[in-house]
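*Asks:* Pasted the sequence and its predicted model underneath.
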Amino acid sequence: MKLCRARLFPYRLPLVRRLSTARGQLRERRGWLLELQTDSGEVGRGDACPFPGDENPGAPGDGFGMESFSACGEGLEVLAARLMGRGLSEAQAFLDSSEGAAPDAPAARFALDCALSELAALSAGSSVASWLAQAQGHGARGRLAVSALVSGGGEEEIVAEAAGLGRAGYQTFKLKVGGRPLDEDLGRVKALRGALGPEAKLRLDANAAYSPGEACALLAELEGLDIELVEQPVAPGDVEGLARVRAESPVPIAADEALV
């Protein structure tokens with residue numbers, strides 16, 4: 001079984017509600033659907049949906065750590081072309097080494113990984129979930145809990161959205177903070193915690209919006225709200241600032257863009 005064909009399909013999906021982040025508002029998502037076909041007719045599919053970034057080809061993006069839509073498509077074309085004629089094992093080995101060859105294309109590599117995984121599962125006669133689980137010596141789960149992203153901007157909008165998500169059965173919630181005054185963010189977090197009650201897990205994502213001093217000031221105010229973690233409170237390259245925030249914060253800190 002060898003790869004013989006690759007096809008790319010661009011897509012643009014408007015969001016039901018705009019999403020406010022520290023880097024501006026998201027109103028749509030753009031991405032690429034990838035199909036890899038073998039000479040025996042099986043088709044594996046992958047999805048590359050990078051966060052919006054710089055549209056100059058080859059640019060790494062605007063700080064989210066992902067490539068732009070255009071650069072992602074170009075990366076997929078190049079990487080997929082280099083897979084043609086390879087068997088699945090050889091293609092997977094190439095993908096494992098492609099991080100060095102395409103370090104600024106994480107979304108493109110993700111789509112290739114998904115497509116190759118589906119082809120491997122099809123050749124084994126199983127679902128992707130079962131194939132992945134069996135590789136680790138486990139059985140596939142029938143259900144998996146996921147978190148909900150609360151997209152509201154103001155306190156009233158947040159409270160109304162949280163109520164609906166709670167009725168839907170979510171137990172872990174994430175709120176974007178940053179890009180607004182600290183007292184406004186604090187009010188939004190308090191409103192969400194009040195709407196969720198004490199049992200729900202609450203995470204915050206700042207997308208590198210704060211200086212170390214601002215982050216420490218906000219986190220000190222959050223101490224009694226039982227926040228599970230705060231993602232990337234300071235700039236990705238400010239490792240010393242992140243260390244300071246981690247040392248002073250009463251809330252656990254998670255790195256995101258800094259890892260890229």
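*Replies:* That came through, no problem. All values reported here derive from a predicted model rather than from experimental measurement.

*Asks:* And whichever strand or helix holds R45, what's buried?
*Replies:* Per DSSP states H and E: R45 is located in strand 43-48. Judged by neighbour count using 16 or more other CB atoms under 10 Å, the buried positions of strand 43-48 are G44, R45, G46, A48. Every residue, glycine included, has its C-beta placed from N, CA and C.

*Asks:* now for the residues you listed, which pair is the farthest apart?
*Replies:* Pairwise distances across those (CB to CB) peak at 13.6 Å, for the pair G44 and A48.

*Asks:* Okay, now the sheet partners of the strand holding R45, with direction.
*Replies:* strand 24-38 (antiparallel) (DSSP bridges).

*Asks:* What would whichever helix in the chain runs longest look like as CSV? C-alpha coordinates only.
*Replies:* In the chain, assigned by DSSP state H, the helix with the most residues is helix 106-124. Presented in CSV, the C-alpha positions along helix 106-124 are these (Å, rounded to 0.1, in the frame of the first residue of the first chain):
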residue,chain,number,x,y,z
PRO,A,106,2.4,22.8,13.1
ALA,A,107,-1.2,22.8,11.6
ALA,A,108,0.0,21.3,8.4
ARG,A,109,1.9,18.6,10.2
PHE,A,110,-1.2,17.9,12.3
ALA,A,111,-3.4,17.3,9.2
LEU,A,112,-0.8,14.9,7.8
ASP,A,113,-0.6,13.0,11.1
CYS,A,114,-4.4,12.6,11.2
ALA,A,115,-4.6,11.5,7.6
LEU,A,116,-1.8,8.9,8.0
SER,A,117,-3.4,7.7,11.3
GLU,A,118,-6.7,7.1,9.5
LEU,A,119,-5.0,5.1,6.8
ALA,A,120,-3.1,3.0,9.3
ALA,A,121,-6.4,2.3,11.2
LEU,A,122,-8.1,1.3,7.9
SER,A,123,-5.3,-1.1,7.0
ALA,A,124,-5.7,-2.6,10.5
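
*Asks:* Rounded mean pLDDT for it, please.
*Replies:* On average, the pLDDT along helix 106-124 is 93.

*Asks:* What helices and strands are in contact with the lowest-mean-pLDDT helix or strand in the chain?
*Replies:* Within the chain, confidence by mean pLDDT, DSSP states H and E is lowest for helix 88-101 among all helices and strands, at a mean of 81. Helix 88-101 is packed against helix 69-83, helix 106-124, with contacts defined by 3 or more CB pairs under 8 Å, 6 or more residues apart in numbering; DSSP states H and E.

*Asks:* CSV for these, including distance to R188 and mean neighbour count?
*Replies:* Conversion of the helices and strands packed on helix 88-101 to CSV gives the following (distance: least, CB to CB, whole Å; neighbours: other CB atoms under 10 Å):
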stretch, distance to R188, mean neighbour count
helix 69-83, 30, 20
helix 106-124, 29, 21
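
*Asks:* closest one to L3 among these?
*Replies:* L3 lies closest to helix 69-83 among the helices and strands packed on helix 88-101, at 5.1 Å (CB to CB).

*Asks:* just to revisit the earlier point, so how far is the least confident helix or strand of the chain from its chain's centroid?
*Replies:* Here the centre of helix 88-101 is set off from its chain's centre by 22 Å, with CA atoms, centre = their mean, to the nearest Å.

*Asks:* Just want the angle from it to strand 43-48.
*Replies:* Inter-element angle recorded for helix 88-101 and strand 43-48: 20 degrees (by axes from the mean of the first three to the mean of the last three CA atoms, to 10 degrees).

*Asks:* In helix 88-101, which of the residues would be classed as buried?
*Replies:* L88, A91, Q92, F94, L95, S98.

*Asks:* Could you pull out the helices in the stretch 101-250 of the chain for me?
*Replies:* Assigned by DSSP state H, counting those that start in this stretch, the stretch 101-250 of the chain shows helices spanning 106-124, 128-135, 155-167, 182-196, 212-221, 239-248.
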